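>>> Return a 3D structure for these sequence lines:
(one chain, ligands or ions: 2)
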Amino acid sequence: MQWFIVLSLGLAVFAPLSNALLRFQCSQLVIQRLDPLVNPGMVPSTHVHQIVGGSFNWTVATMHPKKDMPGESTCTTCSFSEDFSNYWTAVLYFRARNGTYKRVPQASQINGATGGITVYYMQDALYDQQQKSKVKAFPPGFRMFTGDVQARTKEQVARFRQNTYTCMKNAGTREPESLDFPKTTCAAGIMINQRFPTCWDGVNLDSPDHMTHMSYPETGTFESGGPCPATHPVRVPQVLFEVVWDTKKFNNKADWPTDGSQPFVWSFGDATGYANHADYVFGWKNDALQRLMDTPCVVNCPAANPKTQTTANMNKCSQNPVVDENIDGWINELPGGYQAQYH
Ligand SMILES: *[C@@H]1O[C@H](CO)[C@@H](O)[C@H](O)[C@H]1NC(C)=O
Ligand SMILES: *[C@@H]1O[C@H](CO)[C@@H](O)[C@H](O)[C@H]1NC(C)=O
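Ligands and ions are numbered 1, 2, ... in the order given. Got it, this is the predicted structure:
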């Protein structure tokens, strides 16, 4: 089951749906080297990120859990205007045959929105038509991380369920998914999917690695939705990011590596793709997320009567980078001094 089927068949497919599956777009807020979760207070942080969501004051580069995320933001780049959460990922670069790098832009999945991320909140896996698990919305101050920046092999990412790539032949392509970068040119771009764990310890808003306060279900994979383990008994929404990287203008094979490898590299140097990772800081206003998750509805969730805003207003919330450096290229090294690493 894939989102385009959800969109085209809508409630016909989801007839037995008991609760909610949200899907919405957040425009670009800013692209720069900041990471208040993994590198708090560090300006610039180690590598470039694309950040969407609430217009948090990034100058100080920290997001203490006691900060009032919605309260400190004046606008949000998300279409659901009560969502002041921040969502971010690393960015992709293309490495040309001459060794220089150029940033790959993100494509928006809605007309007119600038770049950004498509965000899902679900009760169960995307293709579970029932969406019947009862979920508790994240509390204020909550944050989490998925993936491993150091990973360069399939074995090292086996514990994540899971962060993937799809080589898009057209806008509707959703499979197959791989754990590493596609090896061939992708006519409609490369989609990444990042799925966060769904079981929370119920106590800690964060943990030193931003992961151990969370767990996957005790049995099965993320798809089969087994029970949460006793250590992490609280089921929270399945957060999923979709990002489409507009690789189309980098599909000239004459500029690809001569050894047959693929030319894309994450902003921290990983050219395998196994280090695909994502960051989440909760920031919905009051009980808006719980209200949405408790209302049977799909995608835009009109049944829950959410507050929304226009695409023009989403785009208008963008910020100027705090860190002043050339991140777009053609550049001889990735910002922060990285070169492509193939293993
Ligand atoms: C952001 O924080 C910095 C440092 O505390 C402060 O100087 C600046 O005025 C703040 N900007 C806004 C828009 O609040
Ligand atoms: C390197 O290759 C890119 C892509 O073909 C090109 O745009 C750029 O000008 C080249 N840079 C140098 C220094 O040759």
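
>>> Return the residues of the stretch 1-150 of the chain in contact with ligand 1.
Within the stretch 1-150 of the chain, the positions adjacent to ligand 1 are Asn57, Thr59, Val60 by C-beta under 6 Å from any ligand atom. For the C-beta atoms, the positions are set from N, CA and C on the backbone; glycine is no exception.

>>> Where does the second one sit: helix, strand or coil?
Spelled out, it's Thr59. At Thr59 the chain is in helix, as set by DSSP: H, G, I helix; E, B strand; the rest coil.

>>> In contact with the residue nearest to Gln341 when sequence neighbours are not counted, which residues?
Spatial nearest neighbour of Gln341, chain neighbours left out: Gly269 (4.7 Å); criterion: C-beta to C-beta, 6 or more residues apart in numbering. With contacts defined as C-beta atoms under 8 Å, 6 or more residues apart in numbering, Gly269 is in contact with Leu334, Tyr338, Gln339, Ala340, Gln341.

>>> Quick check: the fourth one touching Thr272?
No - with contact defined as C-beta atoms under 8 Å, Ala340 does not reach Thr272; the gap is 9.9 Å.

>>> Looking at those two, which one has more neighbours?
Remark: of Ala340 and Thr272, Thr272 carries more neighbours, 23 against 20, as counted by other C-beta atoms under 10 Å.

>>> Hmm, the more buried one is touching Leu179, no?
No - if you go by C-beta under 8 Å, Thr272 and Leu179 don't touch, sitting 9.2 Å apart.

>>> Quick check on Met191: phi, psi?
The phi/psi pair for Met191 (degrees, to the nearest 10) reads phi -100, psi 140.

>>> so how far is Thr118 from it?
9 Å (C-beta to C-beta, to the nearest Å).

>>> do Tyr165 as well
Tyr165 is 15 Å from Thr118, by C-beta to C-beta.

>>> One more: Gly141?
Taken as C-beta to C-beta, the span from Gly141 to Thr118 is 25 Å.

>>> The two: which has the busier surroundings?
Between Gly141 and Thr118, counted using other C-beta under 10 Å, Thr118 has the larger neighbour count: 23 against 18.

>>> and that one, what is it in contact with?
Here Thr118 is in contact with Arg23, Phe24, Gln25, Cys26, Gln109, Phe241, Glu242, Val243, Val244 (C-beta under 8 Å, 6+ apart).

>>> so what's it bridging to?
Counting by DSSP bridges, Thr118 is bridged to Gln25, Glu242.

>>> what does Gln341 give?
Beta-bridge partners for Gln341, by DSSP bridges, are Asp270.

>>> just checking, it touches Asp270?
Yes - if you go by C-beta under 8 Å, Gln341 and Asp270 touch, sitting 6.1 Å apart.

>>> Against Arg291, how distant is whatever residue of the stretch 151-300 of the chain ends up closest to ligand 2?
Proximity to ligand 2, evaluated over the stretch 151-300 of the chain using C-beta to the nearest ligand atom, is greatest for Asp255 at 4.8 Å. Separation of Asp255 from Arg291 (C-beta to C-beta): 50 Å.

>>> higher neighbour count, those two?
Each of Asp255 and Arg291 has its neighbours counted (other C-beta under 10 Å); Arg291 has more, 17 against 13.

>>> Please confirm that that one is located within a helix.
Yes - per three-state DSSP, Arg291 lies within a helix segment.

>>> Now it: closest residue in space that isn't a chain neighbour?
Using C-beta to C-beta, 6+ apart, the closest residue to Arg291 is Ala304 (6.0 Å).

>>> residues touching the one you found, list them.
Ala304 neighbours (C-beta under 8 Å, 6+ apart): Ala20, Arg291, Leu292, Thr295, Cys297.
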